[in-house]
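Visitor: Any chance you could fold what I've pasted below:
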Amino acid sequence: IFKEQEQIVAKEKVQRKIDKSKEPLSSTVWVIDDLSDSMSLRQRNESVLNKLFTTGRHSSQSVFLNIHSMVSAGPLLRKNASALILFKISNSKDYKTVSEEFGHLVGGTDVFDEVYQAALGPKSPPYSFMVIKPHEQDVNEMFLARWDQKITVESDSEEDEEFEETVAEPPRRKPPADSK
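Guide: Numbers count the residues shown, from 1 in each chain. Next up is the predicted model:
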C-alpha cells in the first residue's frame, strides 16, 4: 500500500512540475480505530503504524488514531503525533505515561497535573477534553481545554509559576437582515 501511494505521489509531483502547477498534492487520510486487538498494528519496531507515522507525511498521508489506552500506542507514535486529544484518564498507568512524556513541555509533572486539572478536573463541563499540541513553539498555544479555551502557563519568576485559563471569544455572527 505504501509503495503504491509513494509511486502515485512521485508521479503526481513530476507531472505538477512539468505543468508548473501550484495545486496541492492529493493526499490520503487513514483512520484507525482501536488497535488493541491487532498485534500486527501494535508491534514496536517495524509495524505498519510506525511506517505511517514516520514516513507517511512525506507522501501526503495523514493518520487519525483512536485508542483507548495511551500505552497501546508506542512512544514513536506518541512523539510523532501533531496533536493529542485526551478525555479524562481513569487508568493511573496511562496518566503517568502522559504526564511524564508531556510534563517537560510545561516544566514538570506537577505543572502538567495543574494543566490537566484545569482542562479535565472536577470543575470542567461534562464531556470535556484536552488538546495537546506537542510541537507548538509557544507554550501558551500548546494546551487547550476543548477547542475554545487556551490553558496558558504564566510565570512571575523562575521558581513560581501560576496558571490562568483564558477563554477564547467565540466568533461573532451578524444578525440576519430583516426580510420585510
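Visitor: number of nearby residues for the residue lying closest to V139 once chain neighbours are set aside?
Guide: Closest residue in space to V139, ignoring its immediate chain neighbours: V153 at 5.2 Å, by CB to CB, 6 or more residues apart in numbering. C-betas here are computed from N, CA, C, even on glycine. Here the number of neighbours of V153 (other CB atoms under 10 Å) works out to 18.
Visitor: So V153 sits against N140, correct?
Guide: Yes. Between V153 and N140 there is a contact at 6.4 Å, judged by CB atoms under 8 Å.
Visitor: residue boundaries of the strands in this structure?
Guide: 28-33, 61-66, 84-86, 130-132, 143-145, 149-155, 161-167 (DSSP state E).
Visitor: Residues contacting the third one, please?
Guide: The set of residues that contact strand 84-86 without belonging to it, under CB atoms under 8 Å, 6 or more residues apart in numbering, is R78, V98, F102, L120, F129, M130, V131, I132, P134.
Visitor: buried residues in it?
Guide: L84, L86 (16 or more other CB atoms under 10 Å).
Visitor: Any idea how far that strand is from the middle of the chain?
Guide: Computed by CA atoms, centre = their mean, to the nearest Å, the chain-centroid distance of strand 84-86 equals 6 Å.
Visitor: ok, that strand: who's next to it in the sheet?
Guide: Using DSSP bridges, the strands paired with strand 84-86 in its sheet are strand 130-132 (antiparallel).
Visitor: what does the strand it pairs with contact?
Guide: 83-86, 102, 105, 115-116, 119-120, 142-147, 151.
Visitor: 10 Å - rerun?
Guide: 81, 83-89, 98, 101-102, 105, 112, 115-116, 118-120, 124, 142-147, 149-151 (CB atoms under 10 Å, 6 or more residues apart in numbering).
Visitor: which among those end up buried?
Guide: Buried subset of those (neighbour count, 16+ other CB under 10 Å): 81, 84, 86, 89, 98, 101-102, 105, 112, 115-116, 118-120, 124, 142-145, 149-151.
Visitor: All set, thanks.
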